[in-house]
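*Asks:* Structure for this input, please:
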Amino acid sequence: MVKFVLPICLLTAVACTSDPRGKTIVFPVSSVGAEADVLRAQIARFEEERPDIRVVLRETPDSADQRHQLYVQWLAAGAGDPDVLQLDVIWTPEFASAGWILPLGAFEIDETVFFPGTLRANRWRGELYAIPWFVDVGMLYWRTDKLDAPPATLEELEQRAVAAKRRGEVEHGLVWQGARYEGLVCVFLEHLGAFGGRILDEKGRPAVDTEPGRQALEFLRRSIGEDGFVPRAVLTWQEEQTRFAFQSGRALFLRNWPYAYPLLQDPEESEVAGKFAVAPFPGTANGAPTAALGGSQLAINARSRHPEAAFALIEYLISPERMLERARAAGQLPPRRDLYDDPSLAAELAEALPIPPDEARRVVEAAVPRPVTPVYTELSSVLQVWLHRALSGEVGTDEALREATDAMTDVLDRTTARRDAS
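*Replies:* Residues are numbered from 1 along each chain as shown. Predicted structure coming up:
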């Protein structure tokens with residue numbers, strides 16, 4: 001259970017009050033869809049239970065890039081509202097480093113109820129700055145009508161994919177997102193973890209030009225083309241193109257996100273409805289199953305005039321009951337382990353989610369955050385360029401990883417120089 005304790009003093013620029021009565025807090029939200037509808041209903045019930053707190057919902061664009069731009073404009077200007085922020089998982093370190101969101105050490109939070117990977121993404125310099133609201137993870141979709149079990153290793157995935165393609169059972173062994181965008185970095189992260197590697201090391205320095213990095217990129221390169229088991233077309237594909245390939249029965253395996261599950265189960269649209277399941281992307285003997293972590297987090301504006309009221313709302317929204325409601329309405333995976341562990345809650349979760357909770361849990365347990373750094377977007381842009389050049393055959397593996405490392409090092413060094421000069 002998450003407990004709320006009024007802080008004696010908050011080390012921020014805002015005044016700390018001992019009573020949230022009569023406080024109004026602003027919460028920017030999506031304006032359309034089931035997710036927006038369930039949130040409005042939850043806010044209405046929260047206000048009934050807490051008549052001392054009024055919540056104003058401010059509509060924002062659904063586009064993550066546009067929402068990020070709005071947040072930056074508000075927070076860089078020192079605005080005291082919005083009070084509660086819905087952050088993409090990769091924004092937390094950026095906003096924490098800038099001093100825009102409140103460290104949550106003043107609030108008593110039982111971190112044991114959350115999957116560890118979901119919290120790692122929200123720490124900056126040892127402090128927790130945001131709480132996971134719902135989880136998005138990269139998943140391996142596999143055909144249950146053609147396989148008895150998901151592949152236990154990456155080598156087994158390759159063997160099965162090649163064999164099914166050679167027998168003419170499928171056109172493609174595996175499809176993933178290979179266009180030059182963020183999805184490609186997530187695919188690389190999962191292959192990198194499979195070989196025991198990571199994008200940044202424990203000191204925050206580039207770690208892709210290493211043996212695991214070379215093994216991961218070489219595996220991706222040889223997978224592509226007529227002699228491989230991944231179609232060359234993936235180099236232009238994002239999520240929907242890969243979903244359609246799997247949905248039409250042309251692929252044995254699909255790497256995608258949870259959103260695809262209910263769409264693939266629609267018997268009127270999908271050739272594989274009732275014929276697939278999900279699992280973590282498998283590892284090798286030197287690595288581990290790895291799932292790129294996505295999802296939304298809840299944080300408090302460091303300049304909020306009512307941080308205790310803002311946390312009261314967050315505490316309400318991350319309760320098991322509210323997360324079950326979101327699972328029913330929007331199919332979103334909860335980040336709380338107790339919803340999967342407690343028999344009564346797990347039964348409700350099974351009715352709420354389109355994905356069987358046991359399958360979902362195995363993937364969430366393998367979740368790995370992308371590099372927790374305030375300059376992640378810049379690092380990702382560098383990786384996208386050099387990964388795509390390598391996979392397209394423009395450059396070799398060694399050159400791609402070397403050039404990516406040099407460019408990422410430059411980004412990190414410039415950031416350190418700016419911080420030291422400020």
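
*Asks:* From now on I want contacts and neighbour counts done on CA atoms only, so please keep to that.
*Replies:* Noted.

*Asks:* isn't there a strand covering residue 173?
*Replies:* Yes - assessed with DSSP: H, G, I helix; E, B strand; the rest coil, residue 173 lies in a strand.

*Asks:* List the contacts of it.
*Replies:* Residues near residue 173 by C-alpha atoms under 8 Å, 6 or more residues apart in numbering: 160, 161, 162, 164, 165, 229, 230, 251, 252, 253.

*Asks:* Which members of those residues are positioned in strands?
*Replies:* Of the positions in the contacts of residue 173, 251, 252, 253 sit in strands, assigned by DSSP state E.

*Asks:* how far away is the residue lying closest to the first one once chain neighbours are set aside from residue 55?
*Replies:* It refers to residue 251. In this structure, residue 251 finds its nearest non-sequential neighbour in residue 172, 4.6 Å apart by C-alpha to C-alpha, 6 or more residues apart in numbering. According to C-alpha to C-alpha, to the nearest Å, residue 172 and residue 55 sit 50 Å apart.

*Asks:* who has more neighbours, those two?
*Replies:* Under the criterion of other C-alpha atoms under 10 Å, the comparison of residue 172 against residue 55 puts residue 172 first, with 26 against 19.

*Asks:* contacting residues for that one?
*Replies:* By C-alpha under 8 Å, 6+ apart, the contact set of residue 172 is 161, 165, 229, 230, 231, 250, 251, 252.

*Asks:* sorry, back to before: which among the ones in strands among the contacts of residue 173 end up buried?
*Replies:* 251, 252, 253 (16 or more other C-alpha atoms under 10 Å).

*Asks:* can I get these in TSV with distance to residue 414 and pLDDT?
*Replies:* TSV is the format used below for these (distance: C-alpha to C-alpha, whole Å; pLDDT from 0 to 100):
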residue	distance to residue 414	pLDDT
251	44	98
252	44	98
253	41	98
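
*Asks:* Would you convert the residues you listed into CSV that also reports distance to residue 90?
*Replies:* Listed next are these as CSV, based on distance: C-alpha to C-alpha, whole Å:
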residue, distance to residue 90
251, 30
252, 31
253, 27
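
*Asks:* from those residues, which is closest to residue 110?
*Replies:* Closest to residue 110 out of those is residue 253 (37.6 Å), distances taken as C-alpha to C-alpha.

*Asks:* shouldn't the closest one be in contact with residue 145?
*Replies:* No - the pair residue 253 / residue 145 is not scored as a contact, 11.9 Å apart, by C-alpha atoms under 8 Å.

*Asks:* shaky segments in the stretch 1-150 of the chain?
*Replies:* Within the stretch 1-150 of the chain, the segments meeting pLDDT under 70 span 1-21, 31-32.

*Asks:* quick one: the strands in it?
*Replies:* Per DSSP state E, counting those that start in this stretch, the stretch 1-150 of the chain carries strands over the ranges 23-30, 53-60, 84-88, 123-124, 127-128, 131-137, 139-143.

*Asks:* Would you tell me which one of the ones you listed is buried the most?
*Replies:* Most buried of these, by mean neighbour count (mean count of other C-alpha atoms under 10 Å): strand 139-143, with a mean of 26.

*Asks:* Can you show me the CA trace of that one as PDB?
*Replies:* The C-alpha trace of strand 139-143 is given here as PDB (Å, rounded to 0.1, in the frame of the first residue of the first chain):
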ATOM      1  CA  MET A 139       6.600  -8.200 -26.600                       C
ATOM      2  CA  LEU A 140       7.400 -11.200 -28.700                       C
ATOM      3  CA  TYR A 141       4.100 -12.500 -30.300                       C
ATOM      4  CA  TRP A 142       4.400 -16.100 -31.400                       C
ATOM      5  CA  ARG A 143       2.100 -18.400 -33.400                       C
END
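
*Asks:* Not counting its own residues, what contacts it?
*Replies:* By C-alpha under 8 Å, 6+ apart, strand 139-143 touches 150, 252-258, 272, 275-281, 291, 363.

*Asks:* center of the chain - which residue?
*Replies:* By C-alpha atoms, centre = their mean, the chain has its centre lying nearest to residue 294, at 0.5 Å.

*Asks:* Which residue, other than its chain neighbours, is closest to it?
*Replies:* Distances taken as C-alpha to C-alpha, 6+ apart put residue 136 closest to residue 294, at 4.4 Å, once the chain neighbours are dropped.

*Asks:* Likewise for residue 195?
*Replies:* residue 287 (4.4 Å).

*Asks:* That neighbour: neighbouring residues, count only.
*Replies:* Using other C-alpha under 10 Å, residue 287 has 18 other residues around it.

*Asks:* List the contacts of the nearest residue to residue 114 once chain neighbours are set aside.
*Replies:* Sequence neighbours aside, residue 336 is the residue nearest to residue 114 in space, at 4.4 Å (criterion: C-alpha to C-alpha, 6+ apart). Residues in contact with residue 336 (C-alpha under 8 Å, 6+ apart) are 113, 114, 115, 320.

*Asks:* Try it again at 10 Å.
*Replies:* 111-116, 118, 132-135, 318-320, 323 (C-alpha atoms under 10 Å, 6 or more residues apart in numbering).

*Asks:* Next: residue 232.
*Replies:* Contacts of residue 232 (C-alpha under 10 Å, 6+ apart): 175, 178, 221, 223, 224, 225, 226, 391, 392.

*Asks:* How about the second one, nearest residue that isn't a chain neighbour?
*Replies:* Distances taken as C-alpha to C-alpha, 6+ apart put residue 235 closest to residue 178, at 4.2 Å, once the chain neighbours are dropped.

*Asks:* just the last one next, same as before
*Replies:* In space, and not counting its chain neighbours, residue 392 is closest to residue 235: 7.4 Å by C-alpha to C-alpha, 6+ apart.

*Asks:* so the one you found touches residue 388, yeah?
*Replies:* Yes - under the criterion of C-alpha atoms under 10 Å, residue 235 makes contact with residue 388 at 7.5 Å.

*Asks:* what sits in contact with each of the two?
*Replies:* Taking C-alpha under 10 Å, 6+ apart as the contact rule, residue 235 and residue 388 both touch 178, 179, 180, 184.

*Asks:* Would you convert those into a markdown table that also reports secondary structure, pLDDT and distance to residue 82?
*Replies:* Shown next, in a markdown table, are the shared contacts of residue 235 and residue 388 (DSSP: H, G, I helix; E, B strand; the rest coil; pLDDT from 0 to 100; distance: C-alpha to C-alpha, whole Å):
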| residue | secondary structure | pLDDT | distance to residue 82 |
| --- | --- | --- | --- |
| 178 | coil | 98 | 36 |
| 179 | coil | 98 | 35 |
| 180 | coil | 97 | 33 |
| 184 | helix | 98 | 33 |
